[in-house]
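> Coordinates for the following, if possible.
(one chain, ligands or ions: 2)
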Amino acid sequence: MSEFPTQPMPPPEELGPPIPPERVERHRHLRRVALLSALVAVVILLPLGLFVLLRGDSTPPEPGVAPSVGASESASPGATGGSGGATPSTRPGTGAPDGRISREELMRSTIQVPPWPQDNLTGLSGWVKFPGSTLTVPPDDRFDFPRYMFFGDPVYGDVDRDGARETVVPLYCVVQGGSGQLLALDRDRSGRIVTLGTVVATTGEIRVFDTVSVTADHVVRVKVGDFQRCCGDETPQLWQTRGYAWNGQRFRQVSGPTAFPVNPSVTETGLTAGDLVFGAPISGVRRGVLTVTVSYRRGARPDHLVVTVNVPAGVEADGAAEPQVKNGEVVLEVPPPALGGTNSVSFAFRRPATQSGGEAGARVGGVRADGTGLSESDPFNNGASVTVRETG
Ligand SMILES: [Ca+2]
Ligand SMILES: [Ca+2]
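Ligands and ions are numbered 1, 2, ... in the order given. Predicted coordinates for the structure are as follows:
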């Protein structure tokens, strides 16, 4: 089975200025440093190799193409804009607008993008203007690195039973893997591109989707997978074919399995962290406690979790019974919480009163009894940056 994303992707040059080969490693190093400094666990859990999968698309970017702003540019090909009065395109009968839209047009149009899954990479939503090539999503509060949004290849079929075909197309938001939404798009009477809804998205157990078709009975058939491979990852995937149908308001699953069996190679754990607050100095030493909360939500049960905390230079474990700091890190093995539950883990630290601030962070991973790591269903929630501050 193919890796993510399985639709043809834009060529690398769409994804930003080409990087000379001799700078690639440095670029990766700088990127790694930048991400590690913010303790984004994705870098640890996903190998580097930016965009290695995003190759193979035969469609070059279209520099200089003005973004579409609606009806006039969106009206071709085949739209019947304006001919049918106020009759909505979803009404059965003849004369419904032709909702077939090419990928090239989508990539230079303004599209209403539904919200992105919150348990995966997030991109821009609402009315989003695509620039004629891959759209760069700037860093934000949630992810402090850019992500890249672009459409895959569309398929066409009548999903709303109005006798005319719509466009069913993947929209991706990725860096090394990431999110996908399978969107159903149509045109209104004026020819403007309108979003019918999200057929399926990479959220919960579903982390990737593949082949898409629209059946004669208006069902969107999608091959969905439980794990998104990236960058050489060979984690076994589970795949199922599920069908989704438009009910007039949203897409609902109408065929195929509704859940995956447990994949013994894949788990879903997560971590959140509080602040590390050092108290007022006593005899030249400040003491503080960091509490992290780990979760186990689904998938294979790890034998144990490995929690790693990075602390600023000069910070030491507060006492011999505490896990000790080595090379700026504390590593602690803890039992996994009950399925669906969380556990809190606290670390006591001390540092000289002459020191302050610094960067810290924590991450977690699930490990088998033989010491090998499990793959993460959602790799983006396994790390957190930690604010370090002092009181008094
Ligand atoms: Ca239709
Ligand atoms: Ca996770």
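> Enumerate the beta-bridge partners assigned to Gln112.
Trp127 (DSSP bridges).
> please begin residue numbering at 33 from this point
Yep, numbering from 33; the last one is Gln144 now.
> For burial, what's the neighbour tally of it?
Gln144 has 13 neighbours, counted by other Cβ atoms under 10 Å. To be clear about C-beta, it is placed using only N, CA and C from the backbone, and glycine gets the same treatment.
> That one contacts Leu228, correct?
No - counting by Cβ atoms under 8 Å, Gln144 does not reach Leu228; the two are 10.0 Å apart.
> need the residues of the chain near ligand 2, please.
Applying Cβ under 5 Å from the ion, we find that the chain lies next to ligand 2 at Gly302, Glu408, Asp410, Asn413, Asn414.
> Helices along the chain, start to end?
Here the chain has its helices, by DSSP state H, at 53-70, 74-77, 103-106, 135-138.
> if we can go back for a sec, which one of the residues of the chain next to ligand 2 sits closest to Glu391?
Asn414 (17.8 Å; Cβ to Cβ).
> State the distance from that closest one to ligand 1.
41 Å (Cβ to the ion, to the nearest Å).
> And the pLDDT at that residue?
On pLDDT, Asn414 comes in at 97.
> what's the answer for Gly264, then?
pLDDT, Gly264: 88.
> Can you give me the distance of it to Ser245?
According to Cβ to Cβ, to the nearest Å, Gly264 and Ser245 sit 29 Å apart.
> Also Phe175?
Distance from Phe175 to Ser245, by Cβ to Cβ: 33 Å.
> Who has more neighbours out of these two?
Neighbour count, other Cβ under 10 Å: between Phe175 and Ser245, Phe175 has more, with 21 against 14.
> Which secondary structure element of this protein has the lowest mean pLDDT?
Across the helices and strands of the chain, mean confidence by mean pLDDT, DSSP states H and E is lowest for helix 103-106: a mean of 27.
> most surrounded residue in the residues of the chain next to ligand 2?
That'd be Glu408 among these, by other Cβ under 10 Å, with 26 neighbours.
> Low-confidence regions, the chain specifically.
For the chain, applying pLDDT under 70 flags the ranges 33-126.
> So which residue is dead centre in it?
Closest to where the C-alpha atoms of the chain average out (Cα atoms, centre = their mean) is Leu153, at 2.5 Å.
> Leaving out sequence neighbours, find the closest residue to that residue.
Closest residue to Leu153 apart from its sequence neighbours, by Cβ to Cβ, 6 or more residues apart in numbering: Gly210 at 3.7 Å.
> Quick check, that neighbour in contact with Asn152.
Yes - between Gly210 and Asn152 a contact is recorded at 6.6 Å, counting by Cβ under 8 Å.
> Now do Arg290 against ligand 1, distance only.
You called it Arg, but residue 290 is Thr. Thr290 is 26 Å from ligand 1, where distance means Cβ to the ion.
> neighbours of that residue, just the number please.
Residues within reach of Thr290, counting by other Cβ under 10 Å, total 9.
> Could you pull up the contacting residues of the residue lying closest to it once chain neighbours are set aside?
Nearest residue to Thr290, sequence neighbours excluded (Cβ to Cβ, 6+ apart): Arg274, at 7.8 Å. By Cβ atoms under 8 Å, 6 or more residues apart in numbering, the contact set of Arg274 is Val232, Arg253, Val254, Val256, Gln285, Ser287, Gly288, Pro289, Thr290.
> swap in Ser407?
Taking Cβ under 8 Å, 6+ apart, one finds Phe259, Asp265, Thr267, Ser297, Val298, Thr299 in contact with Ser407.
> now, which of those lie within strands?
Val298, Thr299 (DSSP state E).
> Could you pick out the buried ones from the contacts of Ser407?
Phe259, Asp265, Ser297, Val298, Thr299 (16 or more other Cβ atoms under 10 Å).
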